[in-house]
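Novice: generate coordinates for the sequence data below:
(2 chains)
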Amino acid sequence: MLRFILRRIVTLIITMLALSMLIFGLSEVLPIEPALVILGRESTPEARAALSEQMGFNRPLPERYVNWLARFISGDWGESYRLGVPIQPLVMRRLLNSVILAGFALLIISPISLFLGVLAGLYRARWPDRAISAGSLLTISLPDFVVGLLLIIIFSWWLKLLPADSSLRGADLDLTQHWRKLVLPAVTAAFVLVGYITRVTRVSMIEVMESPYIRTAVLKGLPYRTVIIRHALRNALIAPIAIITTQFAWLIGGLIVIEQLFNYPGLGSLFADAARSNDLPMIATSSMITVSLIVFSQVIADVLYGLLNPRIRFS
Amino acid sequence: MKFDLRALKARKEQVRESHFQYTQGKISRRDFLRFSSMLGAGAFATGLLSPLERFQMREARRLLAQDVAPTRGGLITSALGISTDRFDDPAKMNSVFVSNYVRQVCDYLVTLDPELNLQPGLAESWLPSEDGLTWTLSLRQGVKFNHGKDFNADDVVFTINRLIDPETASAFAGAANFVTGAEKVDDFTVNIHTNRVAADFIYSLFLYHAAILPADWPGDFFTNPWGTGPFTIEEFAPGEYIRFQRREDYWKLGADGQALPYLDTIEFVSYPDELARISALQEGSLHLAPAGITLIDQYQSLSGYDFKSVQTGNLHIAIMHFNEEPWTDPRMREALKLTLDRQAYVDTLYLGYAIQGDDHPIAPGMYPLAPAEQTPRQQDYEQAKALLAEAGYPDGIDLTAIYIDPASDGGFTEGFALFLAAQAEPAGIRITMQPTPDYWNVWLDDWGPNYIGISNWAQKNTASEMFNLAYRTGSVWNESHWSNPEFDTLLEEFDRTLDQEARVGQLAQLTELLSNDGPVIVPGFRQDFATMVSKLHYNLHPQAFVWLGDTWLEP
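Specialist: Okay, the predicted model is just below:
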């Protein structure tokens, strides 16, 4: 087991290194001239050349890559061109907001999709399965901004129950005050994932129910409920839990459309603003963070799967 | 509540009949509306009017309402013309949106009000010397900065001299390149020296970079937002949110004799997504926001909000390189200009919320010394085809249009590009679209033969500023590469003449030269839009400047 984990960690480091080179390389290729972004279009070429020299843009490429990577690892993420503030505290604040929103969404997704998936798997080909399969297909197909808009129209404009504007007006996220602002964005994010995870759970449940050891348990005379709860569930839920772990990363860094629609100050909208305004250090940092989250979550999911799956745990 | 459908229908019919009479000119609009509201169908009646009519009515009401005394207090949240980007140095500002937060905290020596009249600000009066090379400004007394210092000539000298200092690298130095320095005469008098006679000098004091900073300013406006303006910055989260608080000791007085501002608190909140903005408006968590023509129905259907527009001198422009084929031939330039139906531009792209242009950037009524109206050239396909044939293109010509791609500006420039292509086609000028992501890297370069560029410009303070930026031979932003010695000489004269009446004639000559011989097409000048709660009294500025010092909210 230990070797399993160790191997995963080595893969993690190699992947991150390769991806960091890719991200740095891409930011070099982008037709963004940093001095132009900082000083604006009205600046003189001489002023821009002076600034470029000052910021070290004329050093050789490998040297700049190593400097950048070293600074990134040590937590010095530079200064935003557009906002002129250090990136690290800004990103950490947005990251916290996104993590909380993601947590909220997961709280909605997990019980619903696991329960529905298990139900669909148990009643395979009967009406609960058909209904749940059709429903999950629907939620997967609807784009997130459509879902978001529908929820806004129903719950904010017609029923006036929940706010459509989730901007925090510069304040720090305080759950006791701001929880209502999180509901609609979280439900919107949950919508798509619920469908996906329900389907995964359903397939996993079906597979488990058809396996020999379940048949043995039934033939042994165990009550059906015991078979499900003691044997089937803990095996069927391994795969969905691993997948939920990977989706957590998407929920943190990938909710660009939802964050923009609700004006929620999360990581996704920070990334989108950076891309729109050619803010190179912010783009590079956001990419690294998102990529790190995804790679980390994959590794954790793998390890989790290994821990839960007895075949791997005891190998 | 009883709801009599038949009676309702009958009433609607009466209102429709009355509206028909109004459109026939038999009754006035006021009588039509009065009759309709008597029937209790006022809203329905208003719905029968065109958007422009409704806008005119609201404007008339607003002007009347200004005679009402303003009420003090309140908080408003605005997304209009704002930027929440952090800025170190007002001298280095590169967009009007960033200047809009500096504008609440700092004052300028002079201002242009929403009617584009020059108003004294921190300078009460100004006088040129005999030779026109020195301007003497009398400064306002009794003004305090928000960090305690009293305002005096030292601050003006400090601000102006750093603006023109090459080390500061401010765009002011380029736009007002004739200013050579400022010197203190006494505590409340300053002399500003220029290296040539500059008749429009005073307008350059309202360039958005020229916010007056105190002489003891240590730098970094984010940490030290020191100014003489009506508000102070309470909270600033870059990229998201700014909150301003009222100052007690501002120098300007309101209609009630007390110091401005009327409002207590202002919030600037960033809403990059238009739908999110409309959501917030619908919800009531936003009081003042920009609006667009594409979603005009949504904006106009918000209850409790007014959709307002203001005419600007902002324009779309098509650029034909004066030094490249086929635009070296004046007949080709004229031919393309003749294919445009400018009224169609106004009606199709802006639903009537624009005025026609005549191939020069000086919008009538929007610049000092400009005429109030103009009659642009009319569409004439026969003449266009004849000119093309004369110039050697009897079968027409194929052109490529380059412009900033829709992903960057939301399709704003492409809208005009497509319109131009459609208008030019019947004359045999076939234009292919080529959106160019790095347009701003190539806009000043030579493009080769058979290209046309599409872009847009914002209004400037004076015609002189616009001409010197982009139309004089060799000027720094001369994107069309135009060179006309007669224009250059006349422009020089225009800049140096202090006699305003003579200048009116000179400006007319300049615009005519540009319109006839010039290599640009200006189809029209659009209006800017905003939506605000009906209780808010705020005047939109044509140049997208936002100043909330004299804005007030009804209780």
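
Novice: tell me which helix or strand residue 312 sits in.
Specialist: Since no chain was named, I'll use chain A. If you go by DSSP states H and E, A:I312 is part of helix A:310-313.

Novice: not quite, I wanted chain B
Specialist: Per DSSP H and E: B:T312 is located in strand B:305-319.

Novice: tell me which strands that strand pairs with, and in which orientation.
Specialist: Applying DSSP bridges, strand B:305-319 is found paired with strand B:451-457 (antiparallel), strand B:520-521 (antiparallel), strand B:524-533 (antiparallel).

Novice: report all helices and strands that the helix or strand following it contacts.
Specialist: Later in the chain than strand B:305-319, the nearest helix or strand by DSSP H and E is helix B:330-338. Contacts defined by 3 or more CB pairs under 8 Å, 6 or more residues apart in numbering or on different chains; DSSP states H and E place helix B:330-338 against helix B:381-390, helix B:500-517. Every C-beta, even on glycine, is put in place using the N, C-alpha and C of the backbone.

Novice: the closest residue to A:D172 other than its chain neighbours in helix, strand or coil?
Specialist: Nearest residue to A:D172, sequence neighbours excluded (CB to CB, 6 or more residues apart in numbering or on different chains): A:R93, at 7.3 Å. When classified by DSSP: H, G, I helix; E, B strand; the rest coil, A:R93 comes out as helix.

Novice: tell me which residue of the stretch 301-450 of chain B lies closest to chain A.
Specialist: B:D438 (5.3 Å; CB to the nearest CB).

Novice: any idea how many residues pack against the residue nearest to that residue when sequence neighbours are not counted?
Specialist: Nearest residue to B:D438, sequence neighbours excluded (CB to CB, 6+ apart): A:P31, at 5.3 Å. By other CB atoms under 10 Å in any protein chain shown, 8 other residues sit near A:P31.

Novice: swap in the one 4 residues further on?
Specialist: As a burial measure, the neighbour count of A:A35 was computed by other CB under 10 Å and equals 20.

Novice: just to revisit the earlier point, most neighbours per residue, which of the strands paired with strand B:305-319?
Specialist: The highest mean neighbour count among those, using mean count of other CB atoms under 10 Å in any protein chain shown, belongs to strand B:520-521: a mean of 26.

Novice: ok, residues contacting that strand?
Specialist: B:317-320, B:336-337, B:340, B:359-361, B:420, B:480, B:482, B:514 (CB atoms under 8 Å, 6 or more residues apart in numbering or on different chains).

Novice: which one of these sits closest to B:T159?
Specialist: Distance ranking of the contacts of strand B:520-521 against B:T159, using CB to CB, places B:P361 first at 29.2 Å.

Novice: who's in contact with the closest one?
Specialist: B:G313, B:L315, B:I317, B:W457, B:M466, B:A470, B:V520, B:V522.

Novice: OK, contacts around residue 141?
Specialist: Let's take chain A. No contacts exist for A:S141 under CB under 8 Å, 6+ apart.

Novice: the intended chain is chain B.
Specialist: By CB under 8 Å, 6+ apart, B:Q141 lies in contact with B:F188.

Novice: relative to B:E248, how far out is it?
Specialist: According to CB to CB, to the nearest Å, B:Q141 and B:E248 sit 19 Å apart.

Novice: show me what contacts the nearest residue to B:T531 once chain neighbours are set aside?
Specialist: Excluding the flanking residues, the one nearest B:T531 by CB to CB, 6+ apart is B:A291, at 4.5 Å. Listed by CB under 8 Å, 6+ apart, the contact set of B:A291 reads B:Y299, B:F307, B:F529, B:A530, B:T531.

Novice: would you mind giving those as a markdown table with pLDDT added?
Specialist: Formatted as a markdown table, these follow (pLDDT from 0 to 100):
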| residue | pLDDT |
| --- | --- |
| B:Y299 | 90 |
| B:F307 | 92 |
| B:F529 | 92 |
| B:A530 | 93 |
| B:T531 | 93 |
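
Novice: what is the nearest of these to B:S204?
Specialist: Distance to B:S204, by CB to CB, is smallest for B:A530 among the contacts of B:A291, at 27.3 Å.

Novice: and that closest one, bridged to which residues?
Specialist: Assessed by DSSP bridges, B:A530 has beta-bridge partners B:P290, B:K308.

Novice: wait, doesn't it sit right on B:G292?
Specialist: No. In this structure B:A530 lies outside contact range of B:G292 using CB atoms under 8 Å: 10.1 Å.

Novice: tally of neighbours for A:E259?
Specialist: So A:E259, with other CB under 10 Å, has 28 neighbours.

Novice: tell me which element it falls in.
Specialist: Using DSSP H and E, A:E259 sits in helix A:256-262.

Novice: widest-spaced pair of the contacts of B:A291?
Specialist: Greatest spacing in those, by CB to CB: B:Y299 and B:A530 (9.2 Å).

Novice: list the residues that contact both of those two?
Specialist: Any residue near both B:Y299 and B:A530 by CB under 8 Å, 6+ apart counts here, and that gives B:A291, B:F307.

Novice: what residues does the stretch 51-200 of chain A put near chain B?
Specialist: Where the stretch 51-200 of chain A comes near chain B, counting by CB under 8 Å from any CB of the partner chain, the residues are A:80, A:82-85, A:90, A:145, A:149, A:152, A:156-157, A:163-165, A:167-170.

Novice: now with 7 Å, please.
Specialist: Contacts of the stretch 51-200 of chain A with chain B, taken as CB under 7 Å from any CB of the partner chain, map to A:82-85, A:152, A:156-157, A:163-165, A:167, A:169-170.

Novice: need the strands paired with strand B:305-319 in a markdown table (columns: distance to B:T228).
Specialist: Formatted as a markdown table, the strands paired with strand B:305-319 follow (distance: least, CB to CB, whole Å):
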| stretch | distance to B:T228 |
| --- | --- |
| strand B:451-457 | 31 |
| strand B:520-521 | 40 |
| strand B:524-533 | 27 |
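
Novice: for the helix or strand that contains A:A239, what is the average pLDDT?
Specialist: According to DSSP H and E, A:A239 maps onto helix A:238-253. Model confidence over helix A:238-253, given as mean pLDDT, is 88.

Novice: and what of stretch B:206-221?
Specialist: Averaged over stretch B:206-221, pLDDT sits at 92.

Novice: is chain A contacted by that stretch?
Specialist: No. Stretch B:206-221 lies out of reach of chain A by CB under 7 Å from any CB, never closer than 9.3 Å.

Novice: could you work out the end-to-end span of that stretch for me?
Specialist: In stretch B:206-221, first residue to last residue: 19 Å (CA to CA, to the nearest Å).

Novice: one more: stretch B:101-113?
Specialist: The straight-line separation of the ends of stretch B:101-113 (CA to CA) is 17 Å.

Novice: what about A:V187, which SS state?
Specialist: Of the three states, A:V187 takes helix under three-state DSSP.

Novice: now do the contacts for it.
Specialist: By CB atoms under 7 Å, 6 or more residues apart in numbering or on different chains, A:V187 lies in contact with A:I108, A:L151.

Novice: I appreciate the help and will end here.
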